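> Next comes the sequence, and after it the predicted model I'd like to discuss.
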Amino acid sequence: MNPGLLLSLTALVLAGPWVLMPRPRVRPEIVGILRPLDWLNRLYCGLWHRLRLENRCPLPEHGAAILIANHTCSIDHMLLQAGSRRVLGFIIAQEYFDNRILHPICVRLGCIPVRRDGQDLSAIRAALRTLEQGRVVPVFPEGRILPTSGRELGPGRPGVAFLALHARVPVIPAFICDTPPSNEVLKSLSTPSHSRVIFGPPIDLSDMPSTPPYDRSVLTTVTDRMMDAIRGLQKQLLVENDAFCNEADRSIG
């Protein structure tokens with residue numbers, strides 16, 4: 001076979017998932033320098049990590065929202081952004097926010113720095129201000145990376161429940177899986193994968209108290225409800241995967 005034709009076919013196969021990936025119809029916040037950065041991110045996620053979006057992200061076109069997801073590795077932020085039509089200003093570790101290379105991008109995206117000791121109340125206040133401005137705040141409720149490619153979920157922390165109860169904005173769950181099984185940044189970025197992301201409907205918190213203070217039992221209930229929503233998406237993908245495998249086995253047989 002002609003080497004040029006072989007190279008073209010290989011590029012087409014690799015680009016398939018990215019080309020077929022659902023495209024957000026409107027991306028009103030992604031303007032200026034964010035446009036080429038967003039394109040490069042989606043290209044990277046589609047080609048290198050063969051990202052498969054199971055459905056469209058149900059974030060509102062405008063207005064504040066909280067996006068929650070499990071945390072599998074250091075590319076989770078990039079995968080979620082690739083599937084969203086909104087700018088996602090993540091809550092990130094202070095050392096990454098202060099990095100000379102990453103800092104300009106973090107500022108442009110509206111990322112919120114937080115200390116790793118878990119006692120940074122200024123980050124919560126900054127997140128509330130961001131929501132008041134009508135933006136999206138993504139949060140990983142587990143508070144740490146669990147590098148099992150989505151096979152396991154850790155316990156949720158009450159910080160995101162506190163944020164959701166005070167802000168009273170839509171809370172959208174997402175589940176990430178089949179990512180590189182590593183908690184190292186460079187290894188996560190350099191290891192190819194067949195990553196998948198599925199989004200769920202907004203979590204109903206209408207039965208929760210509408211005014212503070214919120215006691216521990218309320219925070220625990222909300223945290224459990226959020227983790228149950230992510231766990232439900234996990235089970236949904238597992239059921240679909242098992243059904244696919246069973247169908248494939250019957251075809252082979």
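The structure has been received and is ready for your questions. Numbering: from 1, shown residues only.
> Residue 205 contacts residue 163, doesn't it?
No - using C-beta atoms under 8 Å, residue 205 is not in contact with residue 163; the gap is 11.5 Å. In short, each C-beta sits where N, CA and C put it, glycine included.
> More neighbours: which of those two?
residue 163 (22 against 19; other C-beta atoms under 10 Å).
> Going along the chain, name the helices of this structure.
Remark: helices assigned in the chain by DSSP state H are 3-20, 34-47, 76-82, 94-97, 103-109, 121-132, 159-167, 185-190, 216-252.
> nearest to residue 146, of these?
Residue 146 sits nearest to helix 76-82 of all these, at 10.7 Å, using C-beta to C-beta.
> got the CA positions of that closest one in PDB?
C-alpha atoms of helix 76-82 as PDB (Å, rounded to 0.1, in the frame of the first residue of the first chain):
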ATOM      1  CA  ASP A  76     -10.200  15.000  34.100                       C
ATOM      2  CA  HIS A  77     -10.400  18.800  33.800                       C
ATOM      3  CA  MET A  78      -9.600  18.600  30.100                       C
ATOM      4  CA  LEU A  79     -12.100  15.900  29.400                       C
ATOM      5  CA  LEU A  80     -14.900  17.700  31.100                       C
ATOM      6  CA  GLN A  81     -14.100  21.000  29.300                       C
ATOM      7  CA  ALA A  82     -14.000  19.100  25.900                       C
END
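> Same list (the helices of the chain) but as TSV, adding distance to residue 139.
What follows is those, written out as TSV (distance: least, C-beta to C-beta, whole Å):
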stretch	distance to residue 139
helix 3-20	27
helix 34-47	19
helix 76-82	11
helix 94-97	15
helix 103-109	15
helix 121-132	8
helix 159-167	5
helix 185-190	19
helix 216-252	9
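> Worst mean pLDDT among those helices?
With a mean of 47, helix 3-20 has the lowest mean pLDDT of the helices of the chain.
> wait, which of the helices of the chain is closest to residue 173?
Of all the helices of the chain, it is helix 216-252 that lies closest to residue 173, at 3.9 Å by C-beta to C-beta.
> wait, what's in contact with the nearest residue to residue 142 once chain neighbours are set aside?
Using C-beta to C-beta, 6 or more residues apart in numbering and skipping residues adjacent in sequence, the residue nearest residue 142 is residue 154, 4.1 Å away. Residue 154 sits next to 70, 142, 143, 144, 146 when contact means C-beta atoms under 8 Å, 6 or more residues apart in numbering.
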